[in-house]
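S.K.: Structure for this input, please:
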Amino acid sequence: MFNRRAFLKQSTLSAAGLLVAQPIYAKGVQAEYSLAGSLGPDNQSGPASALPADSPFALRFRQIHLDYHTSELIEDIAGRFDPEEFAATLDKARVNSVTCFGRCHHGLIYHDTKLFPDRHHPHLKRNLLKEQIEACHKRNIRVPVYVTVQWDYFTANEHPEWVIVDEHGKPYGTEPYEAGFYRYLDVNTPYRDFLKRYIGELFETVPVDGLFLDIIKVLDSSNPHNIRQMRKKGLDPARSADRMHFYSDVMVEWREDLTAFIRKLDQNASIFYNSGHIGPYIRRPLPTYTHLELESLPSGGWGYLHYPLTSRYARTLGKDFMGMTGKFHTSWGDFHSLKNQAALEFECFNMLAMTGKCSIGDQLPPNGKLDAATYDLIGHVYRQVEQKEPWCQGARPLVDIGIVTIEEMQPLETSARVPEPMMGAVRMLQEGKHQFDVIDVLSDWSPYKVVILPDQVVMTDAMKQKLEGYLAGGGSVIASHSSGLRPDKKDFGSSAFGISLVGEAPYSPDFIVSSGEGISAGLPATELVVYQKAMEVKPVTATVLAMTNVPYFNRTYQHFVSHRHTPSSGKAGYPAVVQTGKVIYFAHPIFSQYAQNAPSWCKKLVLNAVDRLLPDPLVQTPGAPTTLMAALNRQAPQNRSVLHLLHYVPERRGTAFDVLEDVIPLYNVAVSVKTPGRVKSVMRVPENKAIPFKQSGDRIVFTVPELRGHQMIAIS
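M.R.: You can find the predicted model right below:
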């Protein structure tokens, strides 16, 4: 049996700077890892089975993530902390899980410690973390413990040799005379040993329900010991791509090592490693996580499209998950600010609609007393969440469409939280009320009736096999621009597209010719500009659905007309949209174009393409505004579907980010839902008010008389 106390006494930090356990350079993810979850019948996605409520890894619906990054210069640490008042404030706000701090970004510890007295906050006079946990446990409030990893100001100053350096030999992050603790520590140094010793003592010192391990980032590391290890593996340390892939392997191996260590301490503690974003990179280390937490503060740099993107991907991975927003007007560390109530409602209710649990970030003031106004706000929202939970517990999404993420195509060093093609695709489908997931090449595509390849999905051998197998099984595909091209980008990687590549289009902008019918139904019969450059393709077996007209000339210093681009010459150019069987291809980067400046005609063309391939979608809301969101989930044990309707409109009132302040009601919203069996009742919940409905075949139609923000409809 593992002797935790003996380990703590005997373990010392190595002076060599190298670790015995060396990371293994991965040859590739696709051949080695498979999807942990799967998609079930009736277009359901999400975990293969919901965790029982009493499972140690089952998340609760109403969490607070309570930051406590507190300078050693502040003296009144926890001076006003009262454990009973602390827990009572949380309980009154209907919080049933709160992440409290073991060690913060300043590198300071907030509980008793024998091993690291120099790191204990110098002005803390009580065993703060233990008192927080014990008071919360009395009220059945779960308390995961926060532990910083790669940001630790104390350690970075004490051990600069453990700080990651860039290719110029400079430490990553905060410069010497700049405020902040943002220097990144290297877990491929003896810092790894320190982390284990600290975590080992933490489990000895306080009851630990779980660990939230923060700041887990793959960086372009040029530390001398990493360079030596790369050379031993035949890698070229002078190449940024090699450095990134090497350190990606380091971080995977480190998580595996630390999770194994934690499991020797406690079999039931939950474990989450936070990188600020969940994407395809997580597949390799996914077994080291018990659940996922999707940090996504819309006003803090993530924006209002990040959570819909990342949650629609995370929910396919077979792990319980929660969204995480903040009570702050801006982002973390924004003391004495409050988010608008409508915004906090929308962000939490959207978490429920995407089948997630809720987490709201706050920061405990240095004096240790929770802010009453903050918990009045949180309580107002969480009391509503508590009422809605019966229709969210164990729910799994019902879906028609899968969007293939381009994140797995991007180099690690250039990846964005919300790449433009994904932003445009998510926004278009949400505005069209379609039910969809975000997927990758390792996902099971079979439950999706339509799969979308937005703008930049490269046709690798694995993707070609996936695509052609999916089409052979009866699936339909929408692709655009360079999606479908081979990695060398010389031609398309599959005959399924029915076209060959000529090259980049010779003109830009150019103009899609709308007939007002077919693929351009609902648009005027005219020419419609697309500002971003198309690919010129030649039909082989494809049918042209729309052509381009070209301008008189491209705009240059010698050739220009008026203020912007040259108008159409009226001369035909090259195909804009083609179709081969169940594959529709757009020559323009139409999803990136919509992300950039949202031409409504681009969205209409894509939604028309979806209608051609998916004439009977799960949800329709004829006449509803594009600002209405709809999400359809299934609770199999209750034999019911639950439709979430949300109407909140973010606005750019300041220059920095979008805000939500007002709830704009909608009245008499017509809804049509596809349902697998005979419907007995349609109810507005949690109000339990019946809605009259009509059923014809496998569809029901009804009208929601009033929608104020969020309304759930239970279809039994």
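
S.K.: C-terminal to the top strand by length along the chain, what's the next element?
M.R.: For the chain, the strand that runs over the most residues, judged by DSSP state E, is strand 568-580. Counting by DSSP states H and E, the next helix or strand C-terminal to strand 568-580 is strand 583-586.

S.K.: Can you name every helix or strand that whichever helix or strand comes after that following strand contacts?
M.R.: Per DSSP H and E, the first helix or strand lying C-terminal to strand 583-586 is helix 590-597. Packing partners of helix 590-597 (3 or more CB pairs under 8 Å, 6 or more residues apart in numbering; DSSP states H and E): helix 420-431, helix 600-613. Using the backbone N, CA and C atoms, a C-beta is placed for each residue, glycine as well.

S.K.: which of these sits most buried?
M.R.: helix 420-431 (a mean of 24; mean count of other CB atoms under 10 Å).

S.K.: Partner strands of the very next helix or strand once past it and their direction?
M.R.: Counting by DSSP H and E, the next helix or strand C-terminal to helix 420-431 is strand 436-439. Looking at strand 436-439 with DSSP bridges, its partner strands are strand 401-404 (parallel).

S.K.: What average pLDDT does the strand it pairs with get?
M.R.: Strand 401-404 shows a mean pLDDT of 98.

S.K.: again with stretch 675-687
M.R.: Averaged over stretch 675-687, pLDDT sits at 96.

S.K.: So what touches it?
M.R.: Where contact means CB atoms under 8 Å, 6 or more residues apart in numbering, the residues beyond stretch 675-687 that reach it are 42, 387-388, 390-391, 641-642, 689-693, 695, 698-700, 702, 704, 711-716.

S.K.: Now the buried members of those.
M.R.: 388, 391, 641-642, 691, 693, 700, 702, 704, 711-715 (16 or more other CB atoms under 10 Å).

S.K.: Looking at these, spot the one nearest Lys490.
M.R.: When these are compared for distance to Lys490 (CB to CB), Ser641 wins out at 46.8 Å.

S.K.: re earlier: among the contacts of stretch 675-687, which are in helices?
M.R.: Mapping the contacts of stretch 675-687 onto helices (DSSP state H) picks out Gln387, Lys388.

S.K.: Show me which positions of stretch 543-550 end up buried.
M.R.: By 16+ other CB under 10 Å, the buried positions in stretch 543-550 come out as Leu545, Ala546, Met547, Thr548, Asn549, Val550.

S.K.: Sorry, slip of the keys, the one I care about is stretch 466-476.
M.R.: Lys466, Leu467, Tyr470, Leu471, Gly475, Ser476.

S.K.: In strands, which of these fall?
M.R.: Using DSSP E, the buried residues of stretch 466-476 in strands are Ser476.

S.K.: since we're on the nearest residue to Asn96 once chain neighbours are set aside, how many residues are nearby?
M.R.: Leaving aside its chain neighbours, Asn96 sits nearest to Arg60 (4.6 Å; criterion: CB to CB, 6 or more residues apart in numbering). As a burial measure, Arg60 scores 18 neighbours (other CB atoms under 10 Å).

S.K.: Glu706 too?
M.R.: 11.

S.K.: what do you get for Arg564?
M.R.: Neighbours of Arg564 (other CB under 10 Å): 11.

S.K.: What distance do you get for it to Pro599?
M.R.: From Arg564 across to Pro599, the span is 14 Å (CB to CB, to the nearest Å).

S.K.: which residues touch Asp400?
M.R.: Contacts of Asp400 by CB under 8 Å, 6+ apart are Asn43, His434, Gln435, Phe436, Tyr448, Lys449, Val450, Leu614, Pro617, Leu618.

S.K.: do that again at 6 Å, thanks
M.R.: With contact taken as CB atoms under 6 Å, 6 or more residues apart in numbering, Asp400 is in contact with Gln435, Lys449, Leu614, Pro617, Leu618.

S.K.: which one is Ile664 nearest to, not counting chain neighbours?
M.R.: Nearest to Ile664 is Val649, by CB to CB, 6+ apart, at 6.1 Å.

S.K.: Need the single longest helix in this protein, by residues.
M.R.: Under DSSP H, the chain gives helix 240-265 as its longest helix.

S.K.: Compute the first-to-last residue distance for stretch 688-702.
M.R.: 16 Å (CA to CA, to the nearest Å).

S.K.: from now on call the first residue 54
M.R.: With the count now opening at 54, the last piece we talked about shows up as stretch 741-755.

S.K.: Off-centre distance for it?
M.R.: 34 Å (CA atoms, centre = their mean, to the nearest Å).

S.K.: quick one: Gln691 from Gln437, how far?
M.R.: 20 Å.

S.K.: Likewise for Leu671?
M.R.: From Leu671 to Gln437 the distance is 26 Å (CB to CB).

S.K.: Between those two, point out the one with more neighbours.
M.R.: Higher neighbour count among Leu671 and Gln437: Leu671, with 26 against 17, using other CB under 10 Å.

S.K.: how about Leu177, what does it touch?
M.R.: Contacts of Leu177 (CB under 6 Å, 6+ apart): Ile130.

S.K.: which residues of the stretch 354-503 of the chain fall in helices?
M.R.: Taking DSSP state H, counting those that start in this stretch to define them, one finds helices in the stretch 354-503 of the chain at 359-367, 394-406, 425-441, 473-484.

S.K.: Make a markdown table from these and add mean pLDDT to it.
M.R.: Shown next, in a markdown table, are the helices of the stretch 354-503 of the chain (pLDDT from 0 to 100):
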| stretch | mean pLDDT |
| --- | --- |
| helix 359-367 | 97 |
| helix 394-406 | 98 |
| helix 425-441 | 98 |
| helix 473-484 | 98 |
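
S.K.: so which of the ones you listed gets nearest Gly132?
M.R.: Checking those against Gly132 by CB to CB gives helix 425-441 as the closest, at 17.1 Å.

S.K.: and Asp715, how many neighbours?
M.R.: 11.

S.K.: nearest spatial neighbour of it, skipping sequence neighbours?
M.R.: Closest to Asp715 by CB to CB, 6+ apart is Ala395, at 6.2 Å.
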